[in-house]
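Q: Test case, fold it:
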Amino acid sequence: MNWQPIKRLESADGLRRADIQANGHGQFGFVEHSYLSEDGDSFWTPTWFSGLYESAEAAEREARAELPWLRDAILK
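A: Modelled structure (predicted):
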């Protein structure tokens, strides 16, 4: 499947992001990436993959419920 990002949510510190994605077949999900620095190299790496959802809104709701940095941002 060819997943296409349709919305990006970013952490306040800029070190995490969640992409809400669509696969073109009526399914949606999200993937979290974290920015890491190791041995002088910096890169984005996937750190969480969601299940499948029927809408982009449902995928975003689940991202906000599952990812602590998004959940905590809502509570503040």
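
Q: Now do the strands in this structure.
A: 4-10, 16-22, 28-38, 41-49 (DSSP state E).

Q: Quick check: buried residues in the last one?
A: The reference is to strand 41-49. Counting neighbours by 16 or more other Cβ atoms under 10 Å, one finds that strand 41-49 has no buried residues. Any C-beta I mention is one placed from the backbone N, CA and C, and that applies to glycine too.

Q: And that strand, what does it pack against?
A: strand 16-22, strand 28-38 (3 or more Cβ pairs under 8 Å, 6 or more residues apart in numbering; DSSP states H and E).

Q: May I ask you to name the longest helix in this protein?
A: helix 56-66 (DSSP state H).

Q: ok so, going back, out of the strands of the chain, indicate the one that is most buried.
A: Comparing the strands of the chain by mean neighbour count (mean count of other Cβ atoms under 10 Å), strand 16-22 ranks first with a mean of 21.

Q: who does that one touch, helix- and strand-wise?
A: Using 3+ Cβ pairs under 8 Å, 6+ apart: strand 16-22 touches strand 4-10, strand 28-38, strand 41-49, helix 56-66.

Q: okay, the ones you listed in TSV with mean pLDDT next?
A: Shown next, in TSV, are those (pLDDT from 0 to 100):
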stretch	mean pLDDT
strand 4-10	96
strand 28-38	96
strand 41-49	96
helix 56-66	96
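
Q: Output the ones you listed in TSV; the columns should cover distance to residue 22.
A: What follows is the helices and strands packed on strand 16-22, written out as TSV (distance: least, Cβ to Cβ, whole Å):
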stretch	distance to residue 22
strand 4-10	5
strand 28-38	5
strand 41-49	15
helix 56-66	7
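
Q: Distance of the residue nearest the centre of the chain relative to residue 39?
A: The chain has residue 18 as the residue nearest its centroid, 1.9 Å off, counting by Cα atoms, centre = their mean. Distance of residue 18 to residue 39, given as Cβ to Cβ, to the nearest Å: 26 Å.

Q: If anything else comes up later, I'll come back, but that's it for now.
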